[in-house]
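# Predicted coordinates and the sequence they were generated for:
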Amino acid sequence: MSAGSLRVLIVEDEAFIALELECLLEEAGHVPVGVAARAAEAVAMGRDLAPDVALVDIHLADGPTGVTVARALSARPGTTVLFTTANAKRVPDDFAGAAGIIAKPYSERVIRAALAYVAGRYHGGTPAEVPDGVVLAPGDRGDGAARTDLPA
């Protein structure tokens, strides 16, 4: 693993999206440590694989359980959670411990920029600007503001 690379858990029930994300992460120099499609599987993989980052969809194979997964994974020291969802309004006001939301459909550029931001902010990398296409949790913005900037 090179400097600046992150160990990333993908929590996504759509196989094509998960595969595409896995390839994108590898091309960006990050290490995909696993793919989970269900909540229990994601929580177990988070515990066993100790990822730096978890990219978590809201709606998984067992229903809208991504919020539960985010709460469990973000409680683990060293793991930063980002939601990847087309339904950002389903993220609770406290973001379930997640650092932010990447709205679907997302581009390769947004994923790369979001991971660069996370590496700098949480994992000792070079600080980066908050990328367009990423909505930060209120506490992560440093302003305590309510979320009014969620994508539809």
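Received, thanks.
# So, low pLDDT: which residues of the protein?
1-3, 127, 140-152 (pLDDT under 70).
# where exactly do the strands run in it?
Per DSSP state E, the chain carries strands over the ranges 7-11, 31-36, 53-56, 80-85, 100-103, 134-136.
# would you list every one of the helices in the chain?
Taking DSSP state H as the criterion, the chain carries its helices at 15-27, 39-49, 66-74, 108-122, 138-141.
# what's the angle between the longest one and helix 15-27?
This means helix 108-122. Put simply, helix 108-122 runs at 60 degrees to helix 15-27, going by axes from the mean of the first three to the mean of the last three C-alpha atoms, to 10 degrees.
# contact partners of helix 108-122?
For helix 108-122, contacts defined as C-beta atoms under 8 Å, 6 or more residues apart in numbering pick out 4, 6, 8, 21, 24-25, 28, 30, 52-53, 80, 82, 99-100, 102, 125-134, 140. All C-beta spots, glycine's among them, are computed from the backbone N, C-alpha and C.
# tell me which residues in it are buried?
110-119, 121-122 (16 or more other C-beta atoms under 10 Å).
# Can I get the residues you listed in CSV including distance to H59?
Formatted as CSV, these follow (distance: C-beta to C-beta, whole Å):
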residue, distance to H59
V110, 20
I111, 19
R112, 24
A113, 24
A114, 20
L115, 22
A116, 27
Y117, 24
V118, 22
A119, 27
R121, 27
Y122, 25
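# between those residues, which is closest to L60?
I111 (19.0 Å; C-beta to C-beta).
# now the closest residue to P105 other than its chain neighbours: how far from Y122?
Closest residue to P105 apart from its sequence neighbours, by C-beta to C-beta, 6 or more residues apart in numbering: A86 at 7.3 Å. A86 is 25 Å from Y122, where distance means C-beta to C-beta, to the nearest Å.
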